[in-house]
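# please work out how this folds:
(one chain, ligands or ions: 2)
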Amino acid sequence: MDDLERAQDILARAERITVLTGAGISAESGVPTFRGAGGLWENHRPEELATPQAFARDPELVWRWYHWRRGLIARCRPNPAHRALVALERCTPRFTLITQNVDGLHQAAGSRQVLPIHGSIWHLRCTACGTVREDRRLDLPALPTCDDCGGLLRPDVVWFGESLDPELLQRAWQAAHQAEVMLVVGTSAVVQPAAGLAQVAHEAGAAVIEVNLEPTPNSGWVEVVLLGKAGEILPRLVEAL
Ligand code: NAD
Ligand code: ZN
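Numbers count the residues shown, from 1 in each chain. Ligands and ions are numbered 1, 2, ... in the order given. Sure, this is the predicted structure:
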């Protein structure tokens, strides 16, 4: 049996599957990852823009980056990897998809049980009153403000150094803990606490299957490592089910 067949076999036996996705699954849709090629924007690294400090110092710069990303993501469509996870959900009794992505492509593909633990680029949150609203407009003002209180709006995403929504995190932790199989796709496994979810599943007895272009810090101990493009591997993983 080769690694792909082993992974297919593990998935075919499982009734409780939890998936964790990162930026890599959307790369083939045209959404740049933070750490790969194309991660730079006007010579700024994402780690210098996606922070509360950057937003406090220069909200217009941070918003310009988000206006650019929203325009870019608006033109992107789900790829075969997103669609394969929709198919996997349909044939799995208990399925949870935890995603670090903020692009909304899993939901656009038709995935239902999605925990977007890093938020959504299509939701805006008021920095004054806290109201969150979906807003997909691409012609926002340079510094968008709240309809209710006039406060400055920000993307409703989790920036470096910020904590995750405790309820979402709790549900993600539970899904990882209860999984028979944890499928980890396109994440470099260095951003905590999301990276620790695979470890939680592993320690609770799940088989962890990793799909990535290259080895990650998790590759040494996971059950199966499948190296390659998510858009090619995931359809083959689920076609046998
Ligand atoms: P990352 O950029 O750190 O890592 C991406 C990983 O995907 C790498 O390990 C890379 O080897 C792998 N990869 C790239 N192309 C792939 C492909 N075609 N198939 C399989 N794997 C591929 O991303 P991260 O670990 O998710 O962390 C960055 C954080 O930034 C995320 O938590 C997220 O919130 C945010 N982010 C989101 C998006 C998005 O919504 N699409 C994009 C960039 C960053
Ligand atoms: Zn407000």
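# and the protein, which of its residues are near ligand 1?
By C-beta under 6 Å from any ligand atom, the residues of the chain that approach ligand 1 are 22-24, 26-28, 31, 33-36, 100-103, 118, 186-188, 191, 211-214, 216, 229-230. Yep, even glycine has a C-beta here, placed from its N, CA and C like the rest.
# what about those, which are in helices?
Gly24, Ser26, Ala27, Ala230 (DSSP state H).
# among those residues, which two are most distant?
Ser26 and Ala230 (8.9 Å; C-beta to C-beta).
# Ala189 and Pro215 touch, don't they?
No. Ala189 is not in contact with Pro215 according to C-beta atoms under 8 Å; the separation is 9.9 Å.
# who's more crowded, those two?
Of the pair Ala189 and Pro215, Ala189 is the one with more neighbours under other C-beta atoms under 10 Å, namely 22 against 13.
# tell me the domain ranges of the protein?
3-31+77-118+164-239, 35-75+126-157 (automatic domain parsing).
# out of those, which comes closest to ligand 2?
In terms of C-beta to the ion, the element of these nearest to ligand 2 is domain 35-75+126-157, at 3.1 Å.
# for that closest one, measure first residue to last.
Between the opening and closing residues of domain 35-75+126-157 there is a gap of 18 Å (C-alpha to C-alpha, to the nearest Å).
# do the lengthiest strand in the chain and ligand 2 meet?
Selection of the longest strand in the chain by residue count, based on DSSP state E, yields strand 119-126. Yes. Using C-beta under 5 Å from the ion, strand 119-126 reaches ligand 2 at Cys126.
# and the residue of the protein that's closest to ligand 1?
Gly24 (2.2 Å; C-beta to the nearest ligand atom).
# and the strands in the chain?
Taking DSSP E as the criterion, the chain carries its strands at 16-21, 94-99, 114-116, 119-126, 132-134, 153-157, 181-185, 207-212, 224-227.
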